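In: Next one to model:
(one chain, ligands or ions: 1)
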Amino acid sequence: MNQSTNQNQKPQFQTKRPLSDFESLNPTREDDDSIMDGFHYKSGRRYHFLEGVKYPLPCDTDETYRLKINYSISRYCWKGNIFYSPLENELAKGGIRVLDVGCGPGGWLLDMATQYPNSTFVGVDISSMIPKDQQPSNMGFLQCNIHNGLPFPDDTFDFIFMSHMFTSITENQWQDVVDDLVRVTKPGGWIELMEGEYINSTSGPVTREIQTQLTILMRSRGINMNIGPSVYKYFENIEDLEDEIFTSQTVTPLGNGTVGELAFKNFKASHFGVRLHEYMGISKQELEDMFKISQKEMDDYETSLNIHRFYVQKKIYSAKSEDSW
Ligand SMILES: C[S@@+](CC[C@H](N)C(=O)[O-])C[C@H]1O[C@@H](n2cnc3c(N)ncnc32)[C@H](O)[C@@H]1O
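Out: Sure, this is the predicted structure:
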């Protein structure tokens, strides 16, 4: 990974608190200024346009709103259990450092920072979507491109969380990203991933056609839409991690019921966000019509999306530290 280690630059954390708490994290880079120039606009939406960044969704106000709703749906589907790693006591006691990678509008971070006021929470994302005045004082944000490496020294965080990043990471990038998560996790710390499963057997024919088209479009960008259930494989065979990978699963209903309708709206908006109709060579209205049939189908097929969690602990004593004896 191409990681800059210029320690002389001042960190540019967005935080209400005096920077001292966050400076102790020793960020190795300041905000990635180049990110600010790397946009292009298509059909009235704003997108990232940076080398190595294949993220297909827009970065604008509508998308920020969609991600906020998505987080609320996810929290509901997990019955309010927003993390599974066994850190409840430590978080409550305080002094724990937590990183949310690709934090988006920061729903998870805001919940966590409010619930555990004595621990420190940091979000990184290529887009800055969290209004500073909404940040509790134990929370900071740093804008960066994770594909340039996380801008923190080794062994910095007690808990690393990363959710719904499968459209941000190509199959070729996954192992590097996971290796970097492990690098910045303290020995004994935990890493938790949460990823959706885009297609399963509950889709009707029109829904499946839409899902197939998006899967092909994403594949052309190197993104595997169906990687969610198997991202745990990137944890396997990492010397510094314990062997046991814990898992959990829930479902999001699509199309039916109050939550299902909201989830469907969000699901549909993400397809328009990547301009699937342009790729399919059809009009916006034609894709809209397909979604109308898709929503009707969802009732009959009881369509749902699975969401998976994987969490694993970094060894307290790694082979590296034993070697250095
Ligand atoms: C689908 S959203 C998930 C947001 C949040 N984790 C959640 O679960 O609600 C993906 C996020 O990844 C961010 N992202 C995409 N590519 C990135 C990159 N190269 N570096 C950092 N963040 C990136 C996007 O800006 C977006 O906020």
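In: Touching, Val251 and Asn306? I think so.
Out: Yes. Val251 is within contact range of Asn306, at 5.6 Å (criterion: CB atoms under 8 Å). In short, each C-beta sits where N, CA and C put it, glycine included.
In: Mind checking which of these two has more residues around it?
Out: Asn306 (17 against 14; other CB atoms under 10 Å).
In: How about the residues of the chain by the ligand?
Out: 53, 55, 59, 67, 70-71, 102-104, 125-127, 145-147, 163-165, 167-168 (CB under 6 Å from any ligand atom).
In: same thing but at 8 Å, please
Out: 48, 50, 52-53, 55, 57, 59, 67, 70-71, 74, 100-105, 107-108, 124-127, 129, 144-147, 162-165, 167-169, 194 (CB under 8 Å from any ligand atom).
In: Point me to the helix or strand that includes Thr207.
Out: Counting by DSSP states H and E, the element that carries Thr207 is helix 205-219.
In: List the residues that contact the closest residue to the ligand within the stretch 1-150 of the chain.
Out: Nearest to the ligand, among the residues of the stretch 1-150 of the chain, is Gly104, at 2.9 Å (CB to the nearest ligand atom). By CB atoms under 8 Å, 6 or more residues apart in numbering, Gly104 lies in contact with Thr64, Leu67, Tyr71, Asp125, Ser127, Met129.
In: What of Leu110?
Out: By CB under 8 Å, 6+ apart, the residues touching Leu110 are Ile130, Gln134, Gln135, Pro136, Met139.
In: neighbours around the residue of the stretch 201-325 of the chain found nearest the ligand, how many?
Out: Across the stretch 201-325 of the chain, the shortest distance to the ligand (CB to the nearest ligand atom) belongs to Ser270, at 8.2 Å. Residues near Ser270, counting by other CB under 10 Å, number 19.
In: Looks to me like it is in a strand.
Out: No. Under DSSP: H, G, I helix; E, B strand; the rest coil, Ser270 sits outside any strand and is assigned helix.
In: And the pLDDT at it?
Out: Ser270 carries a pLDDT value of 96.
In: And for Val251?
Out: At Val251, pLDDT is 95.
In: That one should be in a helix, yeah?
Out: No. Counting by three-state DSSP, Val251 is not part of a helix but strand.
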